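Asks: what follows is a protein structure lacking sequence information:
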Ligand SMILES: O=P(O)(O)OC[C@H]1O[C@H](OP(=O)(O)OP(=O)(O)O)[C@H](O)[C@@H]1O
């Protein structure tokens, strides 16, 4: 294993420990791993890193306790009208890194050149996934930034809004022939995503897949059928 790969594995273990720390006590983690609390605490705080061999052993022991779907569900807070607050999910950097590893492995064989998302709430997932795939992330905004000469722009009517929204993306951000992975935190009607797909069309770039943390209803099945690309979500709400 290369030095870099070995360090990455160690950092992955620290992220997993930090995530599990939010659910399990040090006593419980100590029982699971057979390591003293003081040692685990040093790993979590980054005071020391485990050896490569211990990292492998600990990952084997701890990974069964990581259920990312449950971690996301646990963090979604619904209000009295059935709307949910996704900030507890997208602001948790340890969880987002672990989710991004999962997303990267799902789309590893797609030769992704760029990750595309929509501002605002798609950005954290976009950044984490792009970093994991070692590519750049670009995002469409609802306003035109000054200093940009040419934009791809798509107008649509978001469900239940009754007004037209336009998304703008600088033309330098997507190039002809690039393989694009579209990600977002949530997909409800799919209108935002169709706008991003339309931007790929304007750029003559190729959408190679779509991923969402949360999808509502059967919208991802419809997109998959219509565009004939893999469309996946971590959790599906009815
Ligand atoms: O499938 P759809 O019905 O199009 O909805 C999904 C979109 O809605 C949310 O963004 P929003 O437009 O609320 O902007 P925000 O990210 O700035 O909150 C979300 O982040 C998605 O981009």
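Replies: Noted; the coordinates are in hand. This one's a predicted model, so the numbers in the text were calculated from it and none came from an experiment.

Asks: which parts of the chain are helices?
Replies: All helices of the chain, identified by DSSP state H, fall at 3-21, 26-33, 37-45, 52-62, 68-75, 87-90, 93-106, 123-133, 191-203, 219-227.

Asks: mind listing the strands the helix or strand bottoming out on mean pLDDT in the chain pairs with, and their directions?
Replies: Lowest on mean pLDDT, DSSP states H and E among the helices and strands of the chain sits strand 77-78, with a mean of 87. If you go by DSSP bridges, strand 77-78 pairs up with strand 84-85 (antiparallel).

Asks: who touches the partner strand?
Replies: Residues outside strand 84-85 that contact it (C-beta atoms under 8 Å, 6 or more residues apart in numbering): 76, 77, 78, 79, 214. C-beta: built from backbone N, CA, C; applies to glycine.

Asks: pull out the buried members of those.
Replies: Using 16 or more other C-beta atoms under 10 Å as the burial test, the contacts of strand 84-85 include residue 214 as buried.

Asks: can you name the two of the contacts of strand 84-85 that are farthest apart?
Replies: The distance between the two most remote of these (C-beta to C-beta) is 15.2 Å, for 79 and 214.

Asks: what number of residues lie near residue 91?
Replies: A count of neighbours around residue 91, defined by other C-beta atoms under 10 Å, yields 11.

Asks: residue 164 against residue 153, yeah?
Replies: No. In this structure, residue 164 is not within contact of residue 153 by C-beta atoms under 8 Å, at 11.6 Å.

Asks: more neighbours: these two, which one.
Replies: residue 153 (16 against 9).

Asks: wait, what's in contact with that one?
Replies: 166, 167, 168, 169.

Asks: closest to the ligand out of the contacts of strand 84-85?
Replies: residue 214 (9.3 Å; C-beta to the nearest ligand atom).

Asks: residues contacting stretch 213-233, please?
Replies: 72, 76, 84, 86, 89-90, 99, 106-107, 110, 125, 184-190, 193-194, 197, 207-212, 234-238.

Asks: do that stretch and the ligand meet at all?
Replies: No. Using C-beta under 6 Å from any ligand atom, stretch 213-233 never reaches the ligand; the gap is at least 6.7 Å.
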